Each structure stands twice: as C-alpha cells, then as structure tokens.
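Student: no sequence on this one, just coordinates:
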C-alpha cells in the first residue's frame, strides 16, 4: 500500500514510524518544507513542497493529512477530488460540522473512505470501557468523569495551536479525544455546558470543565493546557449500578459491591515513543492498522462513524459560543 504523508511535524513523524511497522505498507511520498532531499533519499520516499505537486506527480493508495487543523478541510477536499485515494485525517477533521458532513459526502461520491483519526477509540482502556458499557456487566451507567491534562503544546511549529481560528484551542484539540469517546459510548447528550478559567498570561482559558446531560446520568470532563510543565495525564472514572471503575495510564481498577478491588486491565502492550507529551503507546499503531485493514477489505462501515464525528464537532461548536467571550 503506497502511503503519502502531508505534514512532517509531530503527528506526521508518528504516522511515518507507525507505517514502517505495518506489513505491506510503504511511505513513498511526503509533503514538507523541512525534510531535506538527502533525508528523503535515505528514507526511500520523495519529498514535495506542496500537496498540489504531490497529487500531480504521485500515484498513491492513501494520503494522511497531518497538518494544522485549519488546513484540513481544504487539503482533504483536494485529495478526494483527485479521485481514487483514501484519506486519513488527524483529528479534528475540521472545525465545523457542516464542513465535515460535506467532506464525507464527497468521499462517498468518489467511492473512497475518509477516516478521522480519533485515536482513543483504539486504546486498550477505551476498548475495555466500551465492552463494559455495552455488555451491561456492572449494570447501567450512573455517572462518568473524564480528565485530560497537559502542558501547553509548545512543540507545534510557529505556535499555530494557540490561534483559535487555526486549532479551536483546548476544546477542539484536546478535549475532543474524550468527547469522541463519550459520544461513541452514550450517544449525543441532551445538553452540553462548559466553564473555563486560567492564567491571565495566556489569551485563552487554560482549564475547561464540561458537563453533558443524559436522560439517566451526567458526564463531566476537564481538559487543560497548563502554562506550567504539567506532565500529561488522561484518566476516567465511571460509576455503574454495581461497580465503580477507575482508569489511570494502562490500568483499570474495578471496585464492585461487596468484593475486594481488582485490576481488570493491566496492559503489557508494546509501547512506542510518541515524541511529544503523550507517553509511549501502541494506540496509534492499532488505529492505523485498523484503517489499513478497512481499505484492504473494502469495508463500508468503519469507525469512527461519520455521523458521530459530525455530532462531536457540532457539540464543540455549540460550546465554543459559550466560551468565545472568554477567548476574546
């Protein structure tokens, strides 16, 4: 499978390493303004300065979009209109639900698949929680809490992540991981709310607290880009009718009624360094392996489901109206 990668920043490098570990895949072209011809020759791919140049010059099976968020919609559209090329786009697919809907419709018209790379769907802890919810093994959910905290993404070139028009800031760039998982588990909420706070030294809310109402329970979440060098952490707590489960790192601990606590998941997964704040993991490999297999099998139904990707963006757009005065 011939793979092209557009953007060789943090995530582009992660994708390159992942594809090097997938049998039958080869990165044959990249679009980058920083990769030298010498490096390209040594690694065995061609380097192009623009996506247009790549599309004119190269026959590929799949192109991965790993550029700043504000470029996604245009670049995904350019690849889809070229025809015959599947697209994997880093999250978020774009910053507007209507744009996402149009991109999925274009992919369908062209007979190719558009994948939005929501990687938490492919984490072992996320998969464990999905099975617990769907099997009803602990009874219905009564309450859930998700947390995702990090230092500011200083690794982004030219600090594009700090521009709300380019990244969508904390809601679209960080919290979207948990919201995608929440919507995939429970569906769209009845209502959504958000409150923010943070240091006056940055022109956005460092810490945001989210509330999602469902008919029988409430989901809360927090997300933060802290000014200080806070180590990355992603955790969840879900209260079921007959148990409470806590996730930290690759471990899930279950506290059932009238039973001693036990480790339901203590992963010994092979972990690969990411090169940024997220600890070593294999979830990016699992994600891209799944996408590749979907292409090989010509699957029509894939995850994340287009309607859920669109729903997540619509919720974030709704919340953005509530926090925009704070951003401004």
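Tutor: Thanks, I have the structure now. Predicted model only: the values in this text are computed from it and were never measured.
Student: does residue 32 really touch residue 7, like I thought?
Tutor: Yes: with contact defined as C-beta atoms under 8 Å, residue 32 and residue 7 form a contacting pair (6.9 Å). Using the backbone N, CA and C atoms, a C-beta is placed for each residue, glycine as well.
Student: So between the two, which is more surrounded?
Tutor: Applying other C-beta atoms under 10 Å to residue 32 and residue 7 shows that residue 7 carries more neighbours, namely 25 against 19.
Student: Residue 33 belongs to a strand, doesn't it?
Tutor: No: per DSSP: H, G, I helix; E, B strand; the rest coil, residue 33 lies outside any strand segment and is coil.
Student: could you list every residue that touches it?
Tutor: By C-beta atoms under 8 Å, 6 or more residues apart in numbering, the contact list for residue 33 reads residue 49.
Student: What strands flank the lengthiest strand in the chain, and is each parallel or antiparallel?
Tutor: In the chain, assigned by DSSP state E, the strand with the most residues is strand 141-151. For strand 141-151, the pairing partners within the sheet under DSSP bridges are strand 218-226 (parallel), strand 233-240 (antiparallel).
Student: how about those strands, which one is nearest residue 85?
Tutor: Residue 85 lies closest, by C-beta to C-beta, to one member of the strands paired with strand 141-151: strand 233-240, at 32.4 Å.
Student: Centre of the chain to that closest one, how far?
Tutor: Put simply, strand 233-240 sits 18 Å off its chain's centre (C-alpha atoms, centre = their mean, to the nearest Å).
Student: Just the buried positions in it, please.
Tutor: 234, 236, 238-240 (16 or more other C-beta atoms under 10 Å).
Student: try stretch 292-311
Tutor: Neighbour-count burial for stretch 292-311 [16+ other C-beta under 10 Å]: 292, 294-295, 302-304, 306, 308-311.
Student: What distance separates the opening and closing residues of that stretch?
Tutor: 25 Å (C-alpha to C-alpha, to the nearest Å).
Student: which one's the longest helix in this protein?
Tutor: Selection of the longest helix in the chain by residue count, based on DSSP state H, yields helix 306-327.
Student: before we move on, the earlier item: let's have the strands paired with strand 141-151 in TSV, adding mean pLDDT and distance to residue 77.
Tutor: As requested, these are arranged in TSV below (pLDDT from 0 to 100; distance: least, C-beta to C-beta, whole Å):
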stretch	mean pLDDT	distance to residue 77
strand 218-226	97	29
strand 233-240	97	31
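Student: Tabulate these (JSON lines), appending distance to residue 69.
Tutor: Below are these laid out as JSON lines (distance: least, C-beta to C-beta, whole Å):
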{"stretch": "strand 218-226", "distance to residue 69": "15"}
{"stretch": "strand 233-240", "distance to residue 69": "20"}
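Student: of all those, which lies closest to residue 28?
Tutor: Nearest of the strands paired with strand 141-151 (C-beta to C-beta): strand 233-240, 33.6 Å.
Student: State the next helix or strand along the chain beyond the closest one.
Tutor: strand 243-248 (DSSP states H and E).
Student: what helices or strands is that next one leaning on?
Tutor: Judged by 3 or more C-beta pairs under 8 Å, 6 or more residues apart in numbering; DSSP states H and E, strand 243-248 is in contact with helix 124-135, strand 233-240, strand 251-256.
Student: Any chance of those in a markdown table with distance to residue 165 as columns?
Tutor: Below are the helices and strands packed on strand 243-248 laid out as a markdown table (distance: least, C-beta to C-beta, whole Å):
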| stretch | distance to residue 165 |
| --- | --- |
| helix 124-135 | 30 |
| strand 233-240 | 26 |
| strand 251-256 | 38 |
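Student: how about the strands of the stretch 51-200 of the chain, start to end?
Tutor: 62-65, 86-90, 114-117, 141-151, 191-197 (DSSP state E, counting those that start in this stretch).
Student: winner for burial among those strands?
Tutor: Highest mean neighbour count of the strands of the stretch 51-200 of the chain: strand 62-65, a mean of 27 (counted as mean count of other C-beta atoms under 10 Å).
Student: Parallel or antiparallel, which strands does that one pair with?
Tutor: Assessed with DSSP bridges, strand 62-65 is paired to strand 2-6 (parallel), strand 86-90 (parallel).
Student: The last one: how far from the chain's middle?
Tutor: It refers to strand 86-90. Worked out by C-alpha atoms, centre = their mean, strand 86-90 lies 12 Å from the chain centre.
Student: who's in contact with that strand?
Tutor: Residues contacting strand 86-90 (C-beta under 8 Å, 6+ apart): 11, 15, 61-67, 72, 76, 79-80, 107, 112-117, 288, 291, 295.
Student: so what does the host helix or strand of residue 293 touch, helix or strand wise?
Tutor: Counting by DSSP H and E, the element that carries residue 293 is helix 283-297. Judged by 3+ C-beta pairs under 8 Å, 6+ apart, the packing partners of helix 283-297 are helix 10-20, strand 62-65, strand 86-90, strand 114-117.
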